[in-house]
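Give me the fold of what follows.
(one chain, ligands or ions: 2)
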Amino acid sequence: ATPTSIMVATGRAAQLGVLFRKGEALQLLKDAKVVAVDKTGTLTEGRPALTDLVLASGFERAAVLAAVAAVERQSEHPIAQAIVQAAQAEALQIPPLSGFESVTGFGVRAQVGSTRVEVGADRMMAQLGADVSVFADDAARLGAEGKTPLYAAIDGHLAAMIAVADPIKPTTRAAIDSLHAMGLKVAMITGDNRRTGEAIAQQLGIDEVVAEVLPDGKVEAVKRLRAAHGALAYVGDGINDAPALAEADVGIAVGSGTDIAIESADVVLMGGDLRGVVTAIVLSRTAMRNIH
Ligand code: ADP
Ligand code: MG
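Ligands and ions are numbered 1, 2, ... in the order given. From the prediction side, this is the model:
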């Protein structure tokens, strides 16, 4: 490939909303065999809403939701916004708190008045010794619907199961179909729970799911998928996607994503959805074909 032909293709890509930050990416992308994609904010809108709140016996909805919202008000996770909005929609008085702590990939905790409140995934409850098995049926049902089950504990006692649902972007399905038609495998890598990840993957026709991945685990998942399938493009938007974007043969950030993700990427999609990946690969294939 000549520098001029790469410049021409890169300019064409920019017009289509695909920014190649490195010319090398244009050359590498045509050889991709697998596209690994982050779920939240990439396949989905990244704006979940609270759909269910199931109480453990002895707990009251308004008190639990207000306490949980107080903790989540300090968190920047999309799940947190869903919970705070639900509390606000019910016009609940959100109490002040102290000692907020966020445990990446697990959840959040703080002191609300004299009570300790924990909100997060089942693995966070397991750490506390709070048994979530009373909600096993609800969690299975909600997970199968593609919703994310979370748990709240008050003073170490399981108080509620909360589900949030994050809508799939309307453009995602068609983009995945195109990637398949181009002969690529599509994999999802998510910190979300396995059932939820698999339900969403099934709706989208995704070939492989790596779920319940802790932030450090995304790089490992990228290495494993590459060993199994060949050259890999990773698509993500979050802070926790940055190492995977750097590890991938081609890292592709969604333009609406965080600065850290964009800085770690070789390609940035201005359109903010997965169709840009299709455009990028098509451009790479045609540009390189014209040159040889
Ligand atoms: P992802 O970006 O795929 O959602 P994360 O590592 O950010 O992955 O989160 C993984 C899981 O940790 C979430 O699905 C949720 O169960 C739990 N979690 C993280 N942050 C919060 C929070 N602020 N409130 C409740 N649960 C949380
Ligand atoms: Mg994300």
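
Now do the strands in this protein.
Under the criterion DSSP state E, the chain contains strands at 18-20, 34-38, 49-55, 98-103, 107-112, 115-120, 148-154, 157-165, 185-189, 208-210, 232-236, 250-254, 267-269.

now the fifth one: how far from the chain's centre is it?
Shown here is strand 107-112, whose average C-alpha point lies 22 Å from the average C-alpha point of the whole chain (C-alpha atoms, centre = their mean, to the nearest Å).

And it, what's buried?
107-110, 112 (16 or more other C-beta atoms under 10 Å). To be clear about C-beta, it is placed using only N, CA and C from the backbone, and glycine gets the same treatment.

Over to the third one?
For strand 49-55, burial by neighbour count (16+ other C-beta under 10 Å) applies to 49-50, 52-55.

from the residues you listed, which is closest to ligand 2?
Nearest to ligand 2 among the buried residues of strand 49-55, counting by C-beta to the ion, is residue 49 at 16.6 Å.

quick one: the closest residue to that closest one other than its chain neighbours and ligand 1, what's the gap?
Nearest residue to residue 49, sequence neighbours excluded (C-beta to C-beta, 6 or more residues apart in numbering): residue 82, at 5.3 Å. For residue 82, the distance to ligand 1 equals 9 Å [C-beta to the nearest ligand atom, to the nearest Å].

circling back to that earlier point, okay, the buried residues of strand 49-55 in CSV with pLDDT and distance to residue 254 next?
Converted to CSV, the buried residues of strand 49-55 look like this (pLDDT from 0 to 100; distance: C-beta to C-beta, whole Å):
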residue, pLDDT, distance to residue 254
49, 98, 20
50, 98, 24
52, 98, 28
53, 98, 30
54, 98, 33
55, 98, 37
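
what's the burial count for the residue of the stretch 1-150 of the chain at minimum distance from ligand 2?
Proximity of the stretch 1-150 of the chain to ligand 2 (C-beta to the ion) peaks at residue 41, 3.5 Å away. Neighbourhood size, residue 41 [other C-beta atoms under 10 Å]: 22.

again, but for residue 224
By other C-beta under 10 Å, 16 other residues sit near residue 224.

Let me see the contact set for it.
Counting by C-beta atoms under 8 Å, 6 or more residues apart in numbering, residue 224 makes contact with residue 210.

ditto for residue 170
Contacts of residue 170 (C-beta under 8 Å, 6+ apart): none.

Can you check the pLDDT for it?
Here the pLDDT value assigned to residue 170 is 96.

Quick check: it vs residue 126, distance?
36 Å (C-beta to C-beta, to the nearest Å).

pretty sure residue 267 is in contact with residue 17, am I right?
No. If you go by C-beta atoms under 8 Å, residue 267 and residue 17 don't touch, sitting 10.9 Å apart.

Among these two, which residue is more densely surrounded?
residue 267 (25 against 16).

can I get the strands of the chain in TSV with distance to residue 218?
Formatted as TSV, the strands of the chain follow (distance: least, C-beta to C-beta, whole Å):
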stretch	distance to residue 218
strand 18-20	23
strand 34-38	8
strand 49-55	25
strand 98-103	17
strand 107-112	18
strand 115-120	19
strand 148-154	18
strand 157-165	21
strand 185-189	6
strand 208-210	8
strand 232-236	8
strand 250-254	11
strand 267-269	18
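
can you put the ones you listed in a markdown table and add distance to ligand 2?
Converted to a markdown table, these look like this (distance: least, C-beta to the ion, whole Å):
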| stretch | distance to ligand 2 |
| --- | --- |
| strand 18-20 | 19 |
| strand 34-38 | 4 |
| strand 49-55 | 17 |
| strand 98-103 | 16 |
| strand 107-112 | 17 |
| strand 115-120 | 17 |
| strand 148-154 | 13 |
| strand 157-165 | 14 |
| strand 185-189 | 10 |
| strand 208-210 | 14 |
| strand 232-236 | 6 |
| strand 250-254 | 8 |
| strand 267-269 | 13 |
